[in-house]
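[1] What shape does this take:
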Amino acid sequence: VPLETQSGAQLNLADLRGRWVLVDFVYTRCLTWCLALGGEFAQLQDQLAAPLAEGKLVLLSVSFDPAHDTPAELAAYQERFHGRRHGWIAARPVSRDGLRQLLRTFGVTVVPDAMGGYVHNAAIQVIDPQGRLVQILDTGNPRAVAQTVRRNLER
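    Numbering: from 1, shown residues only. So this is what the prediction gives:
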């Protein structure tokens with residue numbers, strides 16, 4: 001699925017093969033789950049600094065509100081976490097079909113609410129170096145996520 005990143009660059013999920021990828025789904029106006037997920041990714045940058053620096057791991061936040069979440073909005077979302085961008089890509093699908101495909105593949109449910117936002121589930125999905133979705137982790141415990149990643153990297 002083609003994506004546009006916070007810098008405006010084009011990226012395809014297949015470009016990330018060969019690395020472990022942690023994926024979350026967000027929209028930048030969300031003040032609940034998405035803000036918490038961004039905070040968790042910021043903590044994971046500290047806890048997993050070595051594999052991120054070595055290119056063995058990538059953090060990927062995918063917006064499910066691509067009409068609003070422009071590259072500038074995605075960059076501003078990351079800035080909320082003190083400019084932590086090392087190893088963390090924020091992106092949006094470039095097409096509605098791509099968005100639908102990603103949501104279906106990752107089991108993400110998004111329902112518009114009556115206030116211009118969305119009700120959605122939140123988790124961190126783990127993609128292995130072969131590009132397979134191998135695990136879905138609960139949010140709220142970045143230390144456990146980091147331990148899971150370390151175990152996977154040791155294999």
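[2] Quick one: low-confidence residue ranges for this structure.
    Along the chain, segments meeting pLDDT under 70 span 83-84.
[3] Now do the strands in it.
    For the chain, the strands defined by DSSP state E occupy 2-5, 10-12, 20-26, 57-63, 88-93, 110-112, 118-120, 124-127, 133-137.
[4] Would you mind giving those strands as a markdown table with mean neighbour count and distance to residue 104 added?
    All C-beta atoms are positioned from the backbone trio N, CA, C, and that covers glycine. Output for those, formatted as a markdown table (neighbours: other CB atoms under 10 Å; distance: least, CB to CB, whole Å):
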| stretch | mean neighbour count | distance to residue 104 |
| --- | --- | --- |
| strand 2-5 | 18 | 16 |
| strand 10-12 | 13 | 17 |
| strand 20-26 | 23 | 12 |
| strand 57-63 | 23 | 13 |
| strand 88-93 | 23 | 12 |
| strand 110-112 | 11 | 11 |
| strand 118-120 | 17 | 14 |
| strand 124-127 | 21 | 13 |
| strand 133-137 | 15 | 12 |
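[5] Would you mind giving these as TSV with distance to residue 152 added?
    Compiled in TSV, the strands of the chain are given as follows (distance: least, CB to CB, whole Å):
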stretch	distance to residue 152
strand 2-5	23
strand 10-12	22
strand 20-26	6
strand 57-63	9
strand 88-93	18
strand 110-112	27
strand 118-120	26
strand 124-127	7
strand 133-137	8
